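A.B. asks: Generate a structure from the sequence data that follows.
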Amino acid sequence: MATVGISQAVRSTPAGALPASMVPHPREELFSVLVVDDHPLLREAIAARLAQMGAGTVHEAATVAEARARAQATGPCDLAILDLGLPDGSGIELVTELRSHGWPRVVVLASSDDPYAVRSAFQAGAQAYLLKSASPVVVTDGVRRVLEGGVYADPSVAPVLATGTRVAGTDNTPRELSAREVEVLQLVADGQSNKEIGEELSLSALTVKSHLSRIGRKLGTGDRAQMVALAMRAGVIR
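C.D. replies: Below you'll find the predicted structure:
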């Protein structure tokens, strides 16, 4: 694992020298960023592009553990850009942690366009989901949109968000599942019992059973395996 450090004032160009469209709204000063990815060359490329956009301070981390240490040392930056596939933990959990500790903007830059990952990132609090295969123009546009207070989805994953968490039942009619119902179904897919699901989600086994009953009524089946298959087919769980 490469050792990473903190790159202070990656570019010394003053904010006033930047085009107005490149300066994060409504801020006039340079912005600070945390970049989390286990590929050093990619981190360097992201840092260079951010500097061109007006980043004054870029903190780097290669793992979840390093990201937590950087976040604790610096406090919330203006922006965090992170991968989901980190070697020592869940990028989704890191998104949740950063947001809960006051980080205002989080952009996910991932390799996968998996529908479950896309939905999970936004549910965790990310404001953008970008693909590493995207063009520099798309990445820049997405980051700028978030800096301006908006949200952004890579054009190739936008259709996933349009479908929400709808799952076609046995009669092929799409039904909307709640975030909690999706969580329960994912744990069913992972092979957990009602008791184990309850322990994982801090619910009673009876409440888990009630969730499954509601899911069954929505999808037209009481069979756990069939519920899981329908949800997987819709890309709601994996």
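A.B. asks: Please enumerate residues in contact with the helix or strand hosting residue 215?
C.D. replies: Assigned by DSSP states H and E, residue 215 falls within helix 205-219. With contacts defined as CB atoms under 8 Å, 6 or more residues apart in numbering, helix 205-219 is touched by 167, 169-170, 175, 177, 180-181, 184-185, 188, 194-195, 197-198, 201, 203, 222, 224, 226-227, 230. Where C-beta positions appear, they are placed from N, C-alpha and C, glycine not excepted.
A.B. asks: Quick check on those residues: which are buried?
C.D. replies: 167, 169, 175, 177, 181, 184-185, 188, 194, 197-198, 201, 203, 227, 230 (16 or more other CB atoms under 10 Å).
A.B. asks: between these, which is nearest residue 119?
C.D. replies: residue 177 (10.9 Å; CB to CB).
A.B. asks: before we move on, back to that, which ones among the buried ones among the contacts of helix 205-219 are found in helices?
C.D. replies: Taking DSSP state H as the definition of helices, the buried ones among the contacts of helix 205-219 contribute 181, 184-185, 188, 194, 197-198, 201, 227, 230.
A.B. asks: Quick check: the farthest pair among the residues you listed?
C.D. replies: In these, two members sit farther apart than any others by CB to CB. They are 198 and 230, at 22.7 Å.
A.B. asks: Count residues in the vicinity of residue 124, would you?
C.D. replies: Counted with other CB atoms under 10 Å, residues neighbouring residue 124 total 21.
A.B. asks: Check residue 202 too.
C.D. replies: Residue 202 sits with 7 neighbouring residues when counted by other CB under 10 Å.
A.B. asks: Phi and psi next, for it.
C.D. replies: phi 60, psi 50 (degrees, to the nearest 10).
A.B. asks: Equivalent analysis for residue 61, please.
C.D. replies: Dihedral pair for residue 61: phi -150, psi 150, per degrees, to the nearest 10.
A.B. asks: ok so, going back, just the buried residues of the helix holding residue 215, please?
C.D. replies: Residues of helix 205-219 classed as buried under the neighbour-count rule (16+ other CB under 10 Å) are 207-208, 211-212, 215-216, 218-219.
A.B. asks: Also stretch 227-238?
C.D. replies: Buried residues in stretch 227-238, counted by 16+ other CB under 10 Å: 227-228, 230-232, 234-237.
A.B. asks: and it, how far out from the chain's middle?
C.D. replies: Averaging C-alpha positions (CA atoms, centre = their mean, to the nearest Å) puts stretch 227-238 20 Å from its chain's average.
A.B. asks: ends of it, how far apart?
C.D. replies: This stretch, stretch 227-238, spans 12 Å end to end (CA to CA, to the nearest Å).
A.B. asks: now stretch 89-109
C.D. replies: 16 Å.
A.B. asks: Average pLDDT for the helix holding residue 215, rounded please.
C.D. replies: Averaging pLDDT along helix 205-219 yields 94.
A.B. asks: Count the residues that sit near residue 199.
C.D. replies: Neighbour count for residue 199, taken as other CB under 10 Å: 14.
A.B. asks: Okay, it and residue 211: tell me how far apart.
C.D. replies: For residue 199, the distance to residue 211 equals 14 Å [CB to CB, to the nearest Å].
A.B. asks: Would you quantify the distance from the residue lying closest to residue 180 once chain neighbours are set aside to residue 235?
C.D. replies: Of all residues not flanking residue 180 in the chain, residue 211 sits nearest, at 6.5 Å (CB to CB, 6 or more residues apart in numbering). Residue 211 sits 20 Å away from residue 235, going by CB to CB.
A.B. asks: just residue 116 next, same as before
C.D. replies: Distance of residue 116 to residue 235, computed by CB to CB: 6 Å.
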